[in-house]
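[1] Pasted the sequence and its predicted model underneath.
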Amino acid sequence: MIEIKEKNKCCGCSACYQACPHHCIQMVEDVEGFLYPKVEKDRCINCNLCKKACPILNNVSSDSDRSIKSWIGYAKNTELRLASSSGGVFSVLAEKIIERGGVVFGAAFDENYALHHIMIESPEELALFRGSKYLQSRIDNSFLLAREQLDSGKWVLFSGVSCQIAGLKTFLRKDYSNLVTIDVLCHGVPSPELWKRYYSEKEKEYGGVLQNAIFRDKKNGWKKYSVKLVFSNNTEYTKVFKEDSYMQLFLKNLCLRPSCHKCMFKDINRPSDITLGDAWGVNNYCPEMDDDRGTSIIITHSEEGEHLLHSVQDKLVIQIRELNEILPATADSRKPVTAHINRKKLFKMLAQGKSITNMIKLIHPSMLKRVLNRINRSRNLSFTR
Ligand SMILES: Cc1cc2nc3c(=O)[nH]c(=O)nc-3n(C[C@H](O)[C@H](O)[C@H](O)COP(=O)(O)OP(=O)(O)OC[C@H]3O[C@@H](n4cnc5c(N)ncnc54)[C@H](O)[C@@H]3O)c2cc1C
Ligand code: SF4
Ligand code: SF4
Ligand code: SF4
């Protein structure tokens, strides 16, 4: 049966939980707010189906035989593009699947601002998926539901971060010609518990209940995006990402899931059909594709992915480009990021009920701590040589 000995070897995709025929696995939250499988050993029949479904135990991340094509682009529909994090390409592709009578899976907030993967069937509901939400989404039973839809012959578009797509593939354990998968380039996912602490504090400060959360508001442009929270009493919090505490804890790697620091799913060869990301730097190599409303990176990994992209070409402005030009091998979305030296301290403070205002002080460790850290790192290096 599945057993988590090292937390960085579980990305929380829930494939094992859904694969267990005896329902003896539960996904349980740890002190950091991330989910891990827990097996009821008495009921386990040692069938090993949980292990066979795990994307970390059965590495599906790299299939270098598939040919990759890379593009930059954005949706011609400006309203849709402004409501999306990058160029709005996801919504255009998803609309096409719905037009074919299919269903779409993605990450959406529930009424309590917890993030779950859900299934939708109408173009209006796509708004629920639009825009990046910077916390880990719960997969729940969505792989099971996707399999049901696939078996019924419907088109299914499943979207998520790369480890979720890898988890879906190892869960299904067979190819479906009616399945299209889209993953997003991924820095890592912050703790849902930290998100809860953050917005609860803002609710208290603003005296209202959270009604809308946008992590990538483009009022000041795509490159200078802001976090925007709207409350029930019509008040609003807006801060440019560089000044927002939550975004800084995220981007400085203080609050990511442990597996994100050992991520096995950032290889450019992926099991998905299409990868989407932000075309940061487009202003340098292709200024005519940058009006600061958002431009996407689009990478197709399969004929089906390419076919879907071509089928919506009239709704997009796109250009084929060299992969290394649009996404350098050094980008954080192509290699695991190193945990901040104070990551452990942050989660200790979270468990102690400390405020985000206190946690933010951890971003800049003392000079002594930085020197000690550097010495430790060089010691580790000399041991491994
Ligand atoms: C946690 C996270 C980290 C990211 N890190 C990077 C990065 O380092 N570099 C980069 O170039 N791009 C990154 N992205 C991707 C980027 O922000 C855009 O989502 C992507 O370019 C698609 O943009 P779009 O305009 O086409 O569609 P959008 O409408 O902006 O994106 C919608 C898609 O994002 C999915 N989604 C939103 N939040 C989550 C979530 N928490 N978990 C799973 N799926 C989610 C939706 O299901 C849907 O498929 C990240 C996204 C997320 C969610
Ligand atoms: S070994 Fe089989 S029965 Fe036991 S937890 Fe895994 S899937 Fe369930
Ligand atoms: S990575 Fe996914 S399948 Fe593997 S143990 Fe973790 S939750 Fe289960
Ligand atoms: S960094 Fe890797 S492990 Fe973490 S959420 Fe992204 S794809 Fe999953």
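    Yep, it's here. Numbers count the residues shown, from 1 in each chain. Ligands and ions are numbered 1, 2, ... in the order given.
[2] Just the helices from the chain, written as ranges.
    Ranges of helices within the chain are 15-19, 49-52, 78-83, 89-99, 142-151, 162-172, 192-206, 245-251, 282-285, 303-311, 323-326, 343-351, 356-359, 367-384, based on DSSP state H.
[3] contact partners of the third one?
    Here helix 78-83 makes contact (C-beta atoms under 8 Å, 6 or more residues apart in numbering) with 74, 75, 87, 88, 91, 92, 127, 130, 131, 218, 293, 294. For glycine as for every other residue, the C-beta is placed from the backbone atoms N, C-alpha and C.
[4] Keep only those residues that also lie close to ligand 1.
    87, 88, 91, 130, 131 (C-beta under 6 Å from any ligand atom).
[5] Including neighbour count, could those residues go into a markdown table?
    Compiled in a markdown table, the ones next to ligand 1 among the contacts of helix 78-83 are given as follows (neighbours: other C-beta atoms under 10 Å):
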| residue | neighbour count |
| --- | --- |
| 87 | 30 |
| 88 | 29 |
| 91 | 23 |
| 130 | 18 |
| 131 | 20 |
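[6] Now flag whichever of these is closest to residue 275.
    Nearest to residue 275 among the ones next to ligand 1 among the contacts of helix 78-83, counting by C-beta to C-beta, is residue 87 at 13.5 Å.
[7] what's the closest non-adjacent residue to residue 39?
    residue 1 (4.9 Å; C-beta to C-beta, 6 or more residues apart in numbering).
[8] Spit out the contact partners of the one you found.
    Contact partners of residue 1, counting by C-beta under 8 Å, 6+ apart, are 39, 41, 44, 46, 48, 50, 51.
[9] Now do the contacts for the closest residue to ligand 2 within the stretch 101-250 of the chain.
    Nearest residue of the stretch 101-250 of the chain to ligand 2: residue 171, at 11.7 Å (C-beta to the nearest ligand atom). Contacts for residue 171 (C-beta under 8 Å, 6+ apart) come out as 15, 18, 19, 53, 143, 147.
[10] repeat that for 7 Å
    15, 18, 19, 53, 143 (C-beta atoms under 7 Å, 6 or more residues apart in numbering).
[11] And for the nearest residue to it once chain neighbours are set aside, the neighbour number?
    If the residues on either side of it in the chain are set aside, residue 171 comes closest to residue 15, at 4.1 Å by C-beta to C-beta, 6+ apart. For residue 15, the count of nearby residues is 29 (other C-beta atoms under 10 Å).
[12] shouldn't residue 15 be in contact with residue 143?
    Yes - with contacts counted by C-beta atoms under 7 Å, residue 15 reaches residue 143, the gap being 6.2 Å.
[13] the bottom helix or strand of the protein by mean pLDDT?
    Within the chain, confidence by mean pLDDT, DSSP states H and E is lowest for helix 367-384 among all helices and strands, at a mean of 60.
[14] Adding pLDDT as columns, could you present the ones next to ligand 1 among the contacts of helix 78-83 in CSV?
    Below are the ones next to ligand 1 among the contacts of helix 78-83 laid out as CSV (pLDDT from 0 to 100):
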residue, pLDDT
87, 98
88, 98
91, 98
130, 98
131, 98
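[15] ok so, going back, identify, from the contacts of residue 171, the entry nearest to ligand 3.
    For these, the nearest to ligand 3 is residue 15 (3.9 Å; C-beta to the nearest ligand atom).
[16] how far away is that closest one from residue 145?
    Residue 15 is 13 Å from residue 145, where distance means C-beta to C-beta, to the nearest Å.
[17] residues in contact with the closest residue to residue 86 other than its chain neighbours?
    Excluding its sequence neighbours, the residue lying closest to residue 86 (C-beta to C-beta, 6+ apart) is residue 296, at 4.1 Å. By C-beta under 7 Å, 6+ apart, the contact list for residue 296 reads 72, 73, 74, 86, 87, 89, 276, 277, 278, 279.
[18] Would you mind giving me the confidence score for residue 296?
    pLDDT, residue 296: 98.
[19] Identify the bridge partners of it.
    Note on residue 296: beta-bridge partners by DSSP bridges are residue 73, residue 278.
[20] How many residues are close by whatever residue of the stretch 251-385 of the chain ends up closest to ligand 3?
    Residue nearest to ligand 3 within the stretch 251-385 of the chain (C-beta to the nearest ligand atom): residue 259, separated by 7.3 Å. By the other C-beta under 10 Å criterion, the neighbourhood of residue 259 contains 23 residues.
[21] Now for the closest residue to ligand 2 within the stretch 51-200 of the chain: which residues touch it?
    Closest contact between the stretch 51-200 of the chain and ligand 2, by C-beta to the nearest ligand atom, is at residue 51 (6.8 Å). By C-beta under 7 Å, 6+ apart, residue 51 lies in contact with 2, 57.
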